[in-house]
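Engineer: Pasting the sequence and the predicted coordinates here, then a few questions.
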There are 2 protein chains.
Amino acid sequence: MRTEIITIGDELLIGQIVDSNAAWMARELTQHGFEITAITTVGDQSEEIIRALDNAFGRADILLLTGGVGPTNDDITKHTLCQYFHTALAFNEEVLLNIESIFLKRNIQMNQLTRNQAYVPVRSTVIQNRSGTAPILWFEKEKKVLISMPGVPYEMKTAMTGDIIPRLLEKFMVKKYICRFYLVTGITESGLATLLAEYEHQLPAGFSLAYLPSFGYIRLRLSVWGEENSLEMKQQSRKLKQMLGGYFVAKSEKAPEELLGEILRRKKCTLSTAESCTGGYIAHMITVVPGASDYFEGSIITYNNRMKEELLKVDSETIRSFGAVSNEVVSRMALQIAGKMKTDCSIAVSGIMGPDGGTKDKPVGTVWISTFYKGELIVQKYQVGHSRTENIERTANLAMLQMLKMLLRK
Amino acid sequence: MRTEIITIGDELLIGQIVDSNAAWMARELTQHGFEITAITTVGDQSEEIIRALDNAFGRADILLLTGGVGPTNDDITKHTLCQYFHTALAFNEEVLLNIESIFLKRNIQMNQLTRNQAYVPVRSTVIQNRSGTAPILWFEKEKKVLISMPGVPYEMKTAMTGDIIPRLLEKFMVKKYICRFYLVTGITESGLATLLAEYEHQLPAGFSLAYLPSFGYIRLRLSVWGEENSLEMKQQSRKLKQMLGGYFVAKSEKAPEELLGEILRRKKCTLSTAESCTGGYIAHMITVVPGASDYFEGSIITYNNRMKEELLKVDSETIRSFGAVSNEVVSRMALQIAGKMKTDCSIAVSGIMGPDGGTKDKPVGTVWISTFYKGELIVQKYQVGHSRTENIERTANLAMLQMLKMLLRK
């Protein structure tokens, strides 16, 4: 079932906001067997929205819109949809009740602008917004469906999961999308493609292999449409794993932090981190996972050398001799944090993330990572890139992958 | 100058990756006076790419493409562009030299797939990729321009900043985009719109006011095209600031973490954080800013109560009586971390981010934030939302804003 997404908002076109809604919707819909064929972003201008609707409706069966449905004057999606479907707004009592109950819960006063949200297009079916004031609108036209949702991520997600996907599944019979994911590390994208050239060549018709590079690892996706290919998928999957050899980490779609959490929980192990250059990003990634408190104890972030000495008992002489970015310092940090927090495992990192701070011997991108587990310490040096934010992300992933491999090995 | 962005990649359509490239490009181009009128995302299929090119070229003068230019088989942008511009590939010696120098620098072996990247469309002008192996291609057609770039963010950014924007500015004379940003907090979007209704009404033609809500704050953007409006902009800006009254935090486009860094540096103050529920996210946001080590000392993340007692000397009796999410506990945390790290300022947070852990008295979203500066402690309770990741982000912003306001007040 061909599906398109249109995200609406001037803030997207001036790059003020990253469009994470589209990615989230695409992911959810794909997993339920809908095929996303295009994503379009337009501004808060009627003509632009109508042109995008015309184009997309010419190609797709399902159209999902987000944004431009707030109470302020720059939100024009509702009026534009009236124009597009040749209909008018009418007051809807149920929507008002929903808005009132939300304002009551939040204990804030309602004003006229918010009250106006209870006016909805006559030709649409209203789906109540369970977590916000802007109603969700469902239009049908020549067996095609258009749904307008708020751009607020939490409201959009609640509506998608609770109402829209179930209704779409009921309305459209769709082929099942089957896919397997493989987490691979220690090889470049082109190196991996060379390794898998023959394998790709022998894949049966309909099967496709995609390379999804992330910072510090590559995810492979083997996919095909249609339940009838399940058995073949199993065989091709086994073959692929063999081909990957030592580069294979896990057969999983999960992000490193989720996988790490899963394995720590399974092995009943606890974890702590001592971070310098990542400034808390590893701890953050680990604690984004719900229930992380089951295995994560905490972290000490020592962003300067004095803190490394005082809080992690790194000898000042060690720092002077080897530098803060060294095998010796991260080793000490990993052992100290595991001891201090009484955890089974620990991760310690120190590096130069840029743009400044690099030297000839230790250029920007130099990182030392130490991981501790069952009395053993693994210390490795990595060379990451040039961009600060990417370096932080890459270092965090490399650190979690090093820990992950250590846990999976034993 | 009407500009459109097309991002190419199956990984975007299945939601594996969030399209942050488009936002970055849109932001950079807007600031240089180009008007982004649409962003389109399509998969790695020739027909889809050609249809998107046809549509976009019908509307825009400048077309920027990213993605699908890697060395693997699923990368088909280059071949599709040959088809679209009725041209063929030819070997380019300079591109090969560039690729070789990059492989030499990274000290890795080159394979045939990478060598193939030196084949470029005859009808294009090649811009050397300074940080990767895929060449950047510049096409011209009936006074319009199409540029194809890699999807790797760092490579795209280097090319945009170093080559593409300067060349576009040279080729196209464009009107200047003038805008001012205002950081506002403590009011809902609709409340703000009501407050500013009259102000918006009196704005001269061409001026527009946009509401850009983030987690924990709203950014207002007042904008107009054309240098000739500079003086009027100044007057309207002053008027707007007056209207905002106590909700106004700063006249700045900067994110809270950047603004906080700027003010800490100006006041020569140092900062530390003690985090529970945010799990290091505040420290991470602060250290994403280059040069943060000038004012940020570090952080202790106590993800469980035992760590709060041992590392931050929070009395176990206090935790038992008031709970870990309480005025008493965050106050102690803020004072302790400032003392331990010898900083002028400190931030401490404790809360329930969900999805589990809520109680009737302290539902999911309950957060206590304490900020310390010049011997004074401010402690405030907030109620954030229901989504874990959004709650973490919102809490971090609220904490930084509380610190920011305290610093600006004194």
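Structural biologist: Cool, the structure landed.
Engineer: State the three-state secondary structure for A:Ile218.
Structural biologist: Of the three states, A:Ile218 takes strand under DSSP: H, G, I helix; E, B strand; the rest coil.
Engineer: Revised request: answer the last question for A:Ile39.
Structural biologist: Secondary structure, three-state DSSP: A:Ile39 is strand.
Engineer: show me the contacts for it.
Structural biologist: A:4-7, A:19, A:22, A:26, B:12-13, B:19, B:40-41 (C-beta atoms under 8 Å, 6 or more residues apart in numbering or on different chains). To be clear about C-beta, it is placed using only N, CA and C from the backbone, and glycine gets the same treatment.
Engineer: what's the answer for A:Phe91, then?
Structural biologist: Listed by C-beta under 8 Å, 6+ apart, the contact set of A:Phe91 reads A:118-119.
Engineer: Just the element for A:Asp361, please.
Structural biologist: Element membership for A:Asp361 (DSSP states H and E) is empty, with no helix or strand holding it.
Engineer: per-residue pLDDT, it?
Structural biologist: pLDDT recorded at A:Asp361 is 90.
Engineer: What of A:Leu104?
Structural biologist: Per-residue pLDDT puts A:Leu104 at 79.
Engineer: Near A:Leu12, how many residues? Count them for me, please.
Structural biologist: 26 (other C-beta atoms under 10 Å in any protein chain shown).
Engineer: next one: A:Ser370
Structural biologist: A:Ser370 has 27 neighbouring residues, counting by other C-beta under 10 Å.
Engineer: try A:Arg59
Structural biologist: A:Arg59 has 13 nearby residues by other C-beta under 10 Å.
Engineer: cool, A:Asn111 as well?
Structural biologist: Around A:Asn111 there are 16 other residues, counting by other C-beta under 10 Å.
Engineer: Which of the contacts of A:Ile39 fall within strands?
Structural biologist: A:4-7, B:40-41 (DSSP state E).
Engineer: mind checking how far A:Phe248 is from A:Pro256?
Structural biologist: Using C-beta to C-beta, to the nearest Å, one gets 14 Å for the distance from A:Phe248 to A:Pro256.
Engineer: In terms of neighbours, single out the busier of these two.
Structural biologist: Ranked by neighbour count (other C-beta under 10 Å), A:Phe248 and A:Pro256 place A:Pro256 first, with 25 against 17.
Engineer: doesn't A:Tyr217 make contact with the more buried one?
Structural biologist: Yes: between A:Pro256 and A:Tyr217 there is a contact at 7.1 Å, judged by C-beta atoms under 8 Å.
Engineer: tell me, what's touching these two both at once?
Structural biologist: A:183, A:397, A:401.
Engineer: Any part of the host helix or strand of the last one near chain B?
Structural biologist: Secondary structure from DSSP H and E places A:Leu401 in helix A:388-409. Yes: using C-beta under 8 Å from any C-beta of the partner chain, a contact is recorded between helix A:388-409 and chain B, made by A:388-390, A:392.
Engineer: Give the other helices and strands that that helix contacts.
Structural biologist: With contacts defined as 3 or more C-beta pairs under 8 Å, 6 or more residues apart in numbering or on different chains; DSSP states H and E, the packing partners of helix A:388-409 are strand A:248-250, helix A:256-266, helix A:281-288, strand A:345-351, strand A:366-373, strand A:376-383, helix B:281-288.
Engineer: can you give me how far stretch A:323-342 is from the chain middle?
Structural biologist: Put simply, stretch A:323-342 sits 30 Å off its chain's centre (C-alpha atoms, centre = their mean, to the nearest Å).
Engineer: That stretch and chain B in contact?
Structural biologist: Yes: between stretch A:323-342 and chain B, judged by C-beta under 8 Å from any C-beta, the touching residues are A:340-341.
Engineer: Equivalent analysis for stretch A:246-253, please.
Structural biologist: No: among the residues of stretch A:246-253, none lie within reach of chain B under C-beta under 8 Å from any C-beta; the closest is 8.8 Å away.
Engineer: what about that stretch, start to end distance?
Structural biologist: Start and end residues of stretch A:246-253 are separated by 18 Å (C-alpha to C-alpha, to the nearest Å).
Engineer: same check, this time on stretch A:127-147
Structural biologist: 10 Å.
Engineer: Also stretch A:151-167?
Structural biologist: Across stretch A:151-167, the terminal residues are separated by 20 Å (C-alpha to C-alpha).
Engineer: In that stretch, which residues are buried?
Structural biologist: A:151-160, A:163-165 (16 or more other C-beta atoms under 10 Å in any protein chain shown).
Engineer: so what's the closest residue to chain B within the stretch 301-410 of chain A up against?
Structural biologist: Ranked by C-beta to the nearest C-beta, the top residue of the stretch 301-410 of chain A for proximity to chain B is A:Ile301, at 4.0 Å. Neighbouring residues of A:Ile301 by C-beta under 8 Å, 6+ apart: A:274-276, A:279-280, A:283, B:280, B:283, B:298-301.
Engineer: ditto for A:Thr287
Structural biologist: Counting by C-beta under 8 Å, 6+ apart, A:Thr287 has contacts A:293, A:296, B:278-281, B:303, B:392.
Engineer: could I get the residues you listed as JSON lines with neighbour count?
Structural biologist: Below are the contacts of A:Thr287 laid out as JSON lines (neighbours: other C-beta atoms under 10 Å in any protein chain shown):
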{"residue": "A:Ser293", "neighbour count": "17"}
{"residue": "A:Phe296", "neighbour count": "25"}
{"residue": "B:Thr278", "neighbour count": "31"}
{"residue": "B:Gly279", "neighbour count": "29"}
{"residue": "B:Gly280", "neighbour count": "31"}
{"residue": "B:Tyr281", "neighbour count": "28"}
{"residue": "B:Tyr303", "neighbour count": "25"}
{"residue": "B:Ile392", "neighbour count": "26"}
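Engineer: Just name the closest of these to A:Lys362, please.
Structural biologist: Within the contacts of A:Thr287, distances to A:Lys362 taken as C-beta to C-beta reach their minimum at B:Gly280, with 24.7 Å.
Engineer: Now do the contacts for the closest one.
Structural biologist: A:275, A:279-284, A:287, A:299, A:301, B:299, B:301.
Engineer: Likewise for A:Arg115?
Structural biologist: Going by C-beta under 8 Å, 6+ apart, A:Arg115 touches A:96, A:99.
Engineer: and if we set it to 10 Å?
Structural biologist: A:71, A:91, A:95-96, A:99-100, A:133, B:190 (C-beta atoms under 10 Å, 6 or more residues apart in numbering or on different chains).
Engineer: For the helix or strand where A:Leu192 lies, buried residues please.
Structural biologist: A:Leu192 belongs to helix A:189-195 when assigned by DSSP H and E. Within helix A:189-195, the residues scored as buried using 16+ other C-beta under 10 Å are A:189-195.
Engineer: Mind putting these into a markdown table with distance to chain B and pLDDT?
Structural biologist: Shown next, in a markdown table, are those (distance: C-beta to the nearest C-beta, whole Å; pLDDT from 0 to 100):
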| residue | distance to chain B | pLDDT |
| --- | --- | --- |
| A:Glu189 | 6 | 83 |
| A:Ser190 | 4 | 83 |
| A:Gly191 | 7 | 91 |
| A:Leu192 | 8 | 94 |
| A:Ala193 | 4 | 92 |
| A:Thr194 | 5 | 93 |
| A:Leu195 | 10 | 96 |
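Engineer: for those residues, which one is nearest B:Leu408?
Structural biologist: Checking the buried residues of helix A:189-195 against B:Leu408 by C-beta to C-beta gives A:Glu189 as the nearest, at 47.0 Å.
Engineer: where exactly do the helices run in the stretch 201-350 of chain A?
Structural biologist: Along the stretch 201-350 of chain A, the segments classed as helices by DSSP state H, counting those that start in this stretch run A:230-244, A:256-266, A:281-288, A:305-312, A:316-322, A:327-341.
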